[in-house]
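Asks: compute the structure for the input listed below.
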Amino acid sequence: MPKPTGLSVGQRLLLASQALAPLAVKLALVQQLGAERAAQLAPHMPSGHLRELILGLPTAFVAQVTRHLDPRRVLDTYLSLPDSLHLEVARQLCADGAFATAARYAECLSAQQVKVLIFGINDVDHVVQIARHIQDMALICQSLRTFSSGYLGKLTEAALADDNLAVAVQVLGGLPLPRQADVCAGLRPATLRLLLPSLLDASEQALAEHLPARLRERLPAQPV
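Replies: Numbers count the residues shown, from 1 in each chain. From the prediction side, this is the model:
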């Protein structure tokens with residue numbers, strides 16, 4: 001394997017010591033390098049050694065490293081990590097306000113794993129902020145399908161409060177029409193006034209047939 005170029009002395013020392021130095025020494029050296037240089041080093045390390053280091057490092061430090069690292073450069077290692085660590089890092093990123101980074105890493109996971117993240121984050125405002133940066137909205141929609149109508153209602157209210165109608169329409173519009181109607185039945189009137197026209201347009205008005213009578217009565221008459 002050719003020697004990686006552009007690495008500092010400390011980074012080269014860590015690479016050279018992978019098979020020899022005790023784990024505690026390597027963990028200390030990584031943290032001395034700092035988050036940005038550790039991120040530069042990560043793609044050059046064998047997956048098994050990198051995984052060992054990640055599992056031994058403080059969550060707060062790992063979260064700092066992720067902000068400087070494209071997950072696709074260490075994808076095999078990232079996907080091999082336990083879901084519990086994915087959640088811990090995602091929570092730390094949310095606490096740090098690094099929602100774009102959380103979204104970038106979440107998009108590498110399966111819909112089931114994203115569902116575990118959303119459930120574990122347990123904060124609709126944080127989920128909405130992550131969704132703002134998600135490119136693959138189909139992944140989010142699929143992961144949310146089995147959440148309760150009550151939770152989806154809270155998520156919708158949070159999205160509208162954040163002036164993010166597009167996310168709410170995409171998420172709810174990906175559900176079967178009866179589920180959409182069930183969520184709409186629990187929303188505040190002010191939220192429905194903003195949301196319902198877009199949902200009706202997205203379904204070519206088919207959603208109207210599934211809405212409770214009290215909501216159908218509020219709809220404007222359709223031209224004959």
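
Asks: which strands and helices sit next to the helix or strand hosting residue 54?
Replies: Residue 54 is part of helix 47-56 when elements are defined by DSSP states H and E. If contacts are counted by 3 or more Cβ pairs under 8 Å, 6 or more residues apart in numbering; DSSP states H and E, helix 47-56 sits against helix 23-33, helix 75-80. In short, each C-beta sits where N, CA and C put it, glycine included.

Asks: contacting residues around it?
Replies: 18-19, 23, 26-27, 30, 42, 45, 62, 74, 76-77, 80-81, 85 (Cβ atoms under 8 Å, 6 or more residues apart in numbering).

Asks: would you mind putting the CA coordinates of that helix into CSV?
Replies: Output of helix 47-56 as CSV, limited to C-alpha atoms (Å, rounded to 0.1, in the frame of the first residue of the first chain):
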residue,chain,number,x,y,z
SER,A,47,-11.4,-0.8,9.1
GLY,A,48,-10.8,-3.1,12.1
HIS,A,49,-8.3,-0.7,13.7
LEU,A,50,-10.5,2.3,13.0
ARG,A,51,-13.5,0.6,14.5
GLU,A,52,-11.6,-0.3,17.7
LEU,A,53,-10.5,3.4,18.1
ILE,A,54,-14.0,4.7,17.5
LEU,A,55,-15.5,2.4,20.1
GLY,A,56,-12.9,3.5,22.6
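
Asks: write the PyMOL selection for whichever of the contacts of helix 47-56 are buried.
Replies: Per 16 or more other Cβ atoms under 10 Å, the buried members of the contacts of helix 47-56 correspond to this PyMOL selection:
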select buried, resi 26+27+30+42+45+62+74+77+81
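
Asks: what's the lowest-pLDDT member of the contacts of helix 47-56?
Replies: Lowest in pLDDT among these is residue 19, which has 58.

Asks: before we move on, back to that, and the contacts of helix 47-56, which two are furthest apart?
Replies: 19 and 85 (23.8 Å; Cβ to Cβ).

Asks: who's in contact with the helix or strand encompassing residue 201?
Replies: Here residue 201 sits within helix 189-202, counting by DSSP H and E. The contact list for helix 189-202, computed with Cβ under 8 Å, 6+ apart, reads 156-157, 160, 165, 168-169, 172-173, 180, 184, 187, 207-208, 215, 219.
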